[in-house]
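Asks: Sharing a model prediction with you, sequence too.
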Amino acid sequence: MEINDLTPAEQRVWRAFATGATVDFRAHGEENGPEHGVRAAVLRALLLNGPREPGEIAALRIAGARITGVLDLRYAVVDSMIRLSHCRFDEAPRLVGAQLNYVSLRDSELPGLDASHTRIDGGLRLTRCRVGGLVHLSRAQISGALYLDGAEVTTTDPAQPALQLNQVSIDDDLCARGLRAHGPIRLDGATVAGSIDLEDAELSNPGGFVLEAEALDVGANLLARRMHAQGRIDLRGSRVPGRIDLLHTTLSNPGGTALRASSCVIGEIWLREGAPIEGRLNLRRAEVGQLQLEPEMLPDQVRLLDLTYTFLTPHEPPERRLPMLERDEGFDPHAYEQLTAAYRRTGDDRATRVVQLAKQRRHRGTLPWYGRLWGHLQDAAVGYGFRPLRAAVWLLSLLAVGSVAYAGHHPPPLKAGEAPEFNPVFYTLDLLLPVISFGQESAFAPTGGYQTLSYVLIVTGWILATTVVAGVTRTVSRQ
């Protein structure tokens, strides 16, 4: 391509390329106007075989231009920096399989971007870009960071994602603060060595996936404070050794799953100070170091099967934590054990007993009728062994009833002249306590209604003794 074949705007770009100077069309009239049009073929020729000057670093730096035609760099090798800011592209650039140095399209307007399988040795900056179609970066390798801060991406096809980042590899951060995405974001199998920053982002795809990130591998954190997500977020099988920060976040997917982080390995989850989640929360089989969870944010449906966590904060009384377990479908004893262990680590013995009692009551509902009947007896008697003082109250009450009854009517001795002196208190204790004997029960034989009372006391004593032993056994096994 000869310089004489270029328009005045293109000649300026051609001359500036050799020294890496910036051509800013915004200083000479209306931005992106017809007089500032630059053919994409000219930019391609510059990047592949443009002029060079000894001692200078060639670079393509343009601001405020209109790029006409398709910038086609498929499978090209470009060692010059590309900075096309505040530009408007008539066609989506094609960078598939290219090897590039550094690319910045900051503040530009594009109908899309196809850069799958691209290798970028520096960073890729799409800050505040307005993209009216698919941004395709699947299997791209970016040695620096990927910047999407303040960008707005709108898909024109409901079946097409707004951002296609499956299996992308980023050696630094994925910065997307204030990102507005109207359509799904796909990050399945992606690897981000640093952090993913979605703070203040607005993600919208009502009724569908808003973020698909199965098997995502993040080196540090996933930050999403004040994020608004309308649609399903799926992080199944992902690894985030730092924290997933969802403070002040709004998650909404009515009738479906709002957040799925099942089978994940996560250092910390911060789910606090936001609006109640609309939709299901699924944390099944996840491994979390610290779970910061406010009860107010929990939705009506949660899935916690085999969830494990070391610490649960903020410290809340068990009465505020137990509804979380009751909202899960079916009975999962592991969930109660996890909550019990969390309270035990903080030294809250009362809370551990309350959770274990709730576990037994929930389990009772899964038993046949005779098991439920026996469970009700244990609950009423000693609270499944977690309320041992209740047994003492029962014993003292029955002791008082028996002592008063037999004090007013001494039962006749079995053998006159050989029986010890009758004592109504110790006689009642002999009936209630199945192991200890004071010699009263074997020496006297009540009749009529008093005999029936003795049978009731004997049976009640056995029930109390059995439930106390069962409760003590559970306590010892937990220790």
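Replies: Perfect, I can see it now.
Asks: how would you label Tyr336: helix, strand or coil?
Replies: Put simply, Tyr336 is helix when judged by DSSP: H, G, I helix; E, B strand; the rest coil.
Asks: so where is the stretch 351-479 of the chain shaky, pLDDT-wise?
Replies: Within the stretch 351-479 of the chain, the stretches with pLDDT under 70 are 377-378, 380-391, 466-479.
Asks: So which residues of this structure form helices?
Replies: For the chain, helices defined by DSSP state H occupy the ranges 8-17, 40-49, 318-326, 333-345, 349-364, 369-382, 389-408, 424-432, 449-478.
Asks: and Trp270, how many neighbours does it have?
Replies: Counted with other C-beta atoms under 10 Å, residues neighbouring Trp270 total 22. In this view, the C-beta of every residue, glycine as well, is placed from N, C-alpha and C.
Asks: so it sits right up against His248, yeah?
Replies: No - contact criterion C-beta atoms under 8 Å: Trp270 and His248 do not qualify, at 10.0 Å.
Asks: Mean neighbour count, the helices of the chain: which tops it?
Replies: Among the helices of the chain, helix 424-432 has the highest mean neighbour count (mean count of other C-beta atoms under 10 Å), at a mean of 22.
Asks: helices or strands up against that helix?
Replies: Counting contacts by 3 or more C-beta pairs under 8 Å, 6 or more residues apart in numbering; DSSP states H and E, helix 424-432 packs against helix 389-408, helix 449-478.
Asks: from the middle of its chain, how far away would the shortest one be?
Replies: The reference is to helix 389-408. Put simply, helix 389-408 sits 53 Å off its chain's centre (C-alpha atoms, centre = their mean, to the nearest Å).
Asks: and the angle from it to helix 424-432?
Replies: With axes from the mean of the first three to the mean of the last three C-alpha atoms, to 10 degrees defining the directions, helix 389-408 sits at 130 degrees from helix 424-432.
Asks: Contact partners for Val70?
Replies: Counting by C-beta atoms under 8 Å, 6 or more residues apart in numbering, Val70 makes contact with 40, 91-94.
Asks: What of Asp245?
Replies: Asp245 touches 221-225, 270, counting by C-beta under 8 Å, 6+ apart.
Asks: Of those residues, which is the nearest to His182?
Replies: Within the contacts of Asp245, proximity to His182 (C-beta to C-beta) peaks at Ala224, which comes in at 17.6 Å.
Asks: gap between that closest one and Arg88?
Replies: 31 Å (C-beta to C-beta, to the nearest Å).
Asks: again with Val404
Replies: From Val404 to Arg88 the distance is 98 Å (C-beta to C-beta).
Asks: What of Asn282?
Replies: Counting by C-beta to C-beta - Asn282 and Arg88 are separated by 42 Å.
Asks: ditto for Ser104
Replies: The gap separating Ser104 from Arg88 is 15 Å, by C-beta to C-beta.
Asks: likewise Gly178?
Replies: Taken as C-beta to C-beta, the span from Gly178 to Arg88 is 21 Å.
Asks: again with Val103
Replies: Counting by C-beta to C-beta - Val103 and Arg88 are separated by 17 Å.
Asks: okay, these two: which has more neighbours?
Replies: Val103 (26 against 20).
Asks: In terms of pLDDT, where does the more buried one sit?
Replies: pLDDT recorded at Val103 is 95.
Asks: got the end-to-end distance for stretch 57-72?
Replies: One end of stretch 57-72 sits 23 Å from the other (C-alpha to C-alpha, to the nearest Å).
Asks: most centrally placed residue in the chain?
Replies: In the chain, the residue lying closest to the centroid (C-alpha atoms, centre = their mean) is Ala261, at 4.7 Å.
Asks: Now do the contacts for that residue.
Replies: Ala261 is in contact with 235-236, 238, 244, 269, 282-283, 286, counting by C-beta under 8 Å, 6+ apart.
Asks: Just give me the closest of those residues to Trp394.
Replies: Nearest to Trp394 among these: Leu283, at 40.9 Å, using C-beta to C-beta.
Asks: Now the closest one: phi and psi?
Replies: Backbone torsions of Leu283, given as degrees, to the nearest 10, read phi -120, psi 30.
Asks: Enumerate every residue touching it.
Replies: 261-262, 302-304, 307.
Asks: With Ala16 instead?
Replies: 22-23, 61.
Asks: again with Glu441
Replies: Shown in contact with Glu441 (C-beta under 8 Å, 6+ apart): 427, 430-431, 454.
Asks: Kindly present these as a markdown table, with separate columns for distance to Lys359.
Replies: Output for the contacts of Glu441, formatted as a markdown table (distance: C-beta to C-beta, whole Å):
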| residue | distance to Lys359 |
| --- | --- |
| Tyr427 | 39 |
| Asp430 | 36 |
| Leu431 | 34 |
| Ser454 | 37 |
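Asks: and the end-to-end length of stretch 300-310?
Replies: Per C-alpha to C-alpha, stretch 300-310 runs 24 Å from first to last residue.
Asks: What residues sit buried inside it?
Replies: Residues of stretch 300-310 classed as buried under the neighbour-count rule (16 or more other C-beta atoms under 10 Å) are 302-304, 307-309.
Asks: which one among the residues you listed gets closest to Ile277?
Replies: Within the buried residues of stretch 300-310, the smallest distance to Ile277 is 9.1 Å, found for Val302 (C-beta to C-beta).
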